[in-house]
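*Asks:* Only the shape, not the letters, is given here:
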């Protein structure tokens, strides 16, 4: 009875005469107890057995005479049987994604059909005469190959009210042939001219074309929605002011220089998007419009209409970022104001302190973005008036203080004020709703904290404050924050001592979206598999945090293994993505994400160049290289808009839904994860290699949200003159948020300093003197670059070297695993892996020198640093461990500090190399558990970057393992990761095994915590034990299922 009105049993049977699957429908008898054929109203027949022959005699009249909906989408049909014409009550027929090259003639007999969908077929010409006898109202012809339209008499097409011709090849469309047309979709064609009958028109979607002329007659009095963005329009029609029902108008990304004079007097318009045009001013006439959202960003506005706030009683959101505004209009003429403005975005303008008093009239303001203006002060009395403020963005100004009256903003939850000159820590920690505070790149020296931090505080970023000095008590208090970032103290860099060249430096940042969910992750390993290689990456989950986190934890180790197998850039990058797809395991079956990797490699054996940059990407994460001040794309967006990709997914019988998503899941055809969509969606990346030259200034890796809001050209221009990589990455994310991005953001900026003498320097420092290496091309050399991180953006290149000189094996672990460095302290957000370039190899004599701040050489001056506790950067999101494995009743491990959301290792590994034999320190030990295990027993000093990253964590991580003789690594969780097992793998343990796993983990802890057993390193067979005590166990190994 629950299956009523099920009337037919569909069975797949193989034909006796052919191997082609044949679909047969068997009708039940009308007298069946629970089934009534007469009750048939809507039945969905979905044929998914790839029928290649026309359906014949499969429609018993008694069973389907009342059929109204019939879907045959996603098959291989090229014709329809004549029997289909007997379905007289059929109103909806789906023939999408088949092989029709024309409209079947049998459809003329379906007198009741109102909706016909033929998307994704092979129609190349739209012959309107074929629709004369059809009575369809809704005609869907998107994703065909239509390039021309054969007209017909308009009176014969009066029945069509909705026409969809998206994603075709039309250059001109005369839709006036449909006199009763109400909705027209013609996006993503090549239309230069469009004619539409406006008598009954309600909605027009014509974005992403080449429109220069729009002809709609008569005036569309019923028009409610109009999107003509991303075209080449210079003038808007005046009838827009006369349209009495128009509510949404999007004319962004055009060449418009002036809006219609009475547009802001409309009594119906509620949302106006006119950004990315050439507007010099807005209409002065404002007469009580109902406008609620006004977006005029990226124009050339010097001022806003003087009565904009006074007479716009309904305006809730204004985005005027990226203009040339110097003043703001008043919000009221008296102390009382009727303003209902809630969101105000003024990022990247020329506003000064004179504008601040004009904001006080907006008493309902919740979001205020004034980043990258010319503010020097924010008066305390003015801040006190903004009592409902929740989010304040003041980055990139010249502020020295944030007024104490910010305490009057009781609802404040986000304060972002990086890249200023703040000297005093604001008193925002007393606000109970505070969640995110970003005060990086300032001049803070100390901070004053209340006894209790805000209970909702999740993020605190204090990186880029070189004078900041925190005592141990403050650090302990701040460690309770889920994401706490701080710079290590400045140290003496061995790289600088040996006059080693700095060819690249980096900065990165991440920002959660409006839902406070960080679905992005960044990877930065400045010394990857040796001092002449680096690896950077950005990963983004499609509304999930698991996939980017797993990619960040594992992808660099996979790439290190693939480099041992092949030296072809195309091969090792492709194999890395394919292997990583398998390692995602069950998480990659239903979840997906984007990834972009950039690998810098030094290859002195390649004639004509020393350094190559290889970029690979899937999804919407992209990389851009700045060459000679211009952006050069290193990545490709794989979507159905690419003909090659569309044909590929169609070969695998995938369909594209109306929101342009493959099978309704993802709008990218190449992503990590989503295994259930294979083979339509694959992880094979686009790989591009460029030989780095002195003209290459920097490159940017960004997530989807960054590139959707900031164009590559603007990104390059915005950060080209920013000398610090952290500040550059911060600026990009701040600009994206100021332009309206509400998604998670991640940006990595890598500054390059490849000079003309790079080859000779690199070759002399990496090759032995016995057989002289071949002379490199004289055009490629390098010199020591700037020590600070800096950044900017851009794209792409040519082929690079295929071979490289053999180098000692080195660890490729990312900074996520651990970040413990000599005389340095750091606490970083767990979703970002980072590492800095290590010092070049030194002979044993020089390595015995005491240059450690905590263990000075005899007779040398000791550093004044008092930091004895080395904080790991491995901070893990507690949201991923919610299965009860982090029980509080378990005894803590000695030397391991955990607050439920991070794991920190207290270890002393200073001067460890000095106590190791030369063979061990140089990576030449005879016994190694891993090919990279002994390479980095190198000096742990390193160059301090401005973004808070420290000297090679991967080296120090291995030192901890060597000191404690850690057991061989085993796969953790459900994916076989070559890196150390990660605590967050706990989240995938099946519920039925939780108790068993918990018992095993307790036994493991008890073994490690036997009483009176010092955690001292075991002596290695071939060398005396290290002279220091180290504690290992950043994570506990889990059972491998």
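*Replies:* Sure thing, it's come through. Since we're looking at a predicted model, the values are computed, not measured.
*Asks:* Strands of the stretch 301-450 of the chain, residue ranges please.
*Replies:* 317-319, 343-345, 367-369, 391-393, 414-416, 436-438 (DSSP state E, counting those that start in this stretch).
*Asks:* Now mean neighbour count, mean pLDDT and distance to residue 643 too, for those strands, in TSV please.
*Replies:* C-beta: built from backbone N, CA, C; applies to glycine. Compiled in TSV, the strands of the stretch 301-450 of the chain are given as follows (neighbours: other Cβ atoms under 10 Å; pLDDT from 0 to 100; distance: least, Cβ to Cβ, whole Å):
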stretch	mean neighbour count	mean pLDDT	distance to residue 643
strand 317-319	21	97	35
strand 343-345	21	97	37
strand 367-369	20	96	40
strand 391-393	22	96	41
strand 414-416	22	96	42
strand 436-438	23	95	43
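*Asks:* Go ahead and confirm residue 226 touches residue 250.
*Replies:* Yes: when contacts are counted by Cβ atoms under 8 Å, residue 226 is listed as touching residue 250 (7.2 Å).
*Asks:* More neighbours: which of these two?
*Replies:* residue 226 (23 against 20; other Cβ atoms under 10 Å).
*Asks:* Give me the mean pLDDT for the helix or strand hosting the more buried one.
*Replies:* Assigned by DSSP states H and E, residue 226 belongs to strand 225-227. Per-region confidence: strand 225-227 scores 97 on mean pLDDT.
*Asks:* Can you list the neighbours in contact with that strand?
*Replies:* 202, 203, 204, 205, 206, 207, 240, 246, 247, 248, 249, 250 (Cβ atoms under 8 Å, 6 or more residues apart in numbering).
*Asks:* now with 10 Å?
*Replies:* Residues from elsewhere that reach strand 225-227 (Cβ atoms under 10 Å, 6 or more residues apart in numbering): 183, 185, 187, 201-208, 214, 216, 220, 240, 243, 245-252, 271, 273.
*Asks:* Show me which of those residues are buried.
*Replies:* For the contacts of strand 225-227, a neighbour count by 16 or more other Cβ atoms under 10 Å gives the buried set as 183, 185, 187, 201-208, 214, 216, 220, 240, 243, 246-252, 273.
*Asks:* ok, residue 696 to residue 596 distance?
*Replies:* Distance of residue 696 to residue 596, given as Cβ to Cβ, to the nearest Å: 17 Å.
*Asks:* okay, these two: which has more neighbours?
*Replies:* residue 596 (28 against 21).
*Asks:* Over to that one: give its phi and psi.
*Replies:* Main-chain torsions, residue 596, degrees, to the nearest 10: phi -140, psi 130.
*Asks:* who's in contact with it?
*Replies:* 523, 536-540, 615-623, 634-635, 685-686, 701-703, 746, 748.
*Asks:* Weed out the non-buried ones from these.
*Replies:* 523, 536-540, 615-623, 634-635, 685-686, 701-703, 746, 748.
*Asks:* just checking, which of those residues belong to strands?
*Replies:* Using DSSP state E, the subset of the buried ones among the contacts of residue 596 located in strands is 523, 536-540, 615-618, 622-623, 686, 701-702, 746, 748.
*Asks:* which other helices and strands contact the following helix or strand past the strand holding residue 226?
*Replies:* Following strand 225-227 in sequence order, the next helix or strand is strand 248-250 (DSSP H and E). Packing contacts for strand 248-250, counted by 3 or more Cβ pairs under 10 Å, 6 or more residues apart in numbering; DSSP states H and E, involve strand 225-227, strand 271-273.
*Asks:* Which strands border the first one, and is each parallel or antiparallel?
*Replies:* When pairing is defined by DSSP bridges, strand 225-227 lines up against strand 203-205 (parallel), strand 248-250 (parallel).
*Asks:* all helices of the stretch 51-200 of the chain, in order?
*Replies:* 61-64 (DSSP state H, counting those that start in this stretch).
*Asks:* Point out where it drops to low pLDDT.
*Replies:* Within the stretch 51-200 of the chain, the ranges that satisfy pLDDT under 70 run 51-64.
*Asks:* so residue 680 makes contact with residue 663?
*Replies:* Yes: Residue 680 lies in contact with residue 663 (Cβ atoms under 10 Å); the separation is 6.9 Å.
*Asks:* Identify the contacts common to those two.
*Replies:* Both residue 680 and residue 663 are contacted by 649, 653, 654, 655, 656, 674, under the criterion Cβ under 10 Å, 6+ apart.
*Asks:* Just the buried ones out of those, please.
*Replies:* Buried among the shared contacts of residue 680 and residue 663 by 16+ other Cβ under 10 Å: 649, 654, 655, 656, 674.
*Asks:* Spit out the contact partners of the last one.
*Replies:* The contact partners of residue 674, taken as Cβ under 10 Å, 6+ apart, are 542, 547, 581, 584, 588-593, 662-663, 665-666, 668, 680-683.
*Asks:* hey, which helix is longest across this protein?
*Replies:* helix 546-565 (DSSP state H).
*Asks:* Against which helices or strands is it packed?
*Replies:* strand 520-525, strand 533-541, helix 569-583, helix 587-590, strand 592-602, strand 672-673, strand 832-835, helix 953-964.
*Asks:* start to end distance for stretch 244-252?
*Replies:* Its first and final residues considered, stretch 244-252 spans 21 Å by Cα to Cα, to the nearest Å.
*Asks:* Report the mean per-residue pLDDT for that stretch.
*Replies:* Rounded mean pLDDT across stretch 244-252 is 96.
*Asks:* likewise stretch 624-640?
*Replies:* 95.
*Asks:* What are the buried residues along that stretch?
*Replies:* For stretch 624-640, by 16+ other Cβ under 10 Å, it's 624-627, 631-640.
*Asks:* tell me which of the residues you listed is nearest to residue 424?
*Replies:* Distances from residue 424 to the buried residues of stretch 624-640, taken as Cβ to Cβ, are shortest for residue 626 (35.9 Å).
*Asks:* so which strand or helix has that closest one?
*Replies:* Using DSSP H and E, residue 626 falls in strand 622-627.
*Asks:* Format the shared contacts of residue 680 and residue 663 as CSV; extra columns: pLDDT.
*Replies:* Below are the shared contacts of residue 680 and residue 663 laid out as CSV (pLDDT from 0 to 100):
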residue, pLDDT
649, 95
653, 90
654, 93
655, 93
656, 94
674, 95
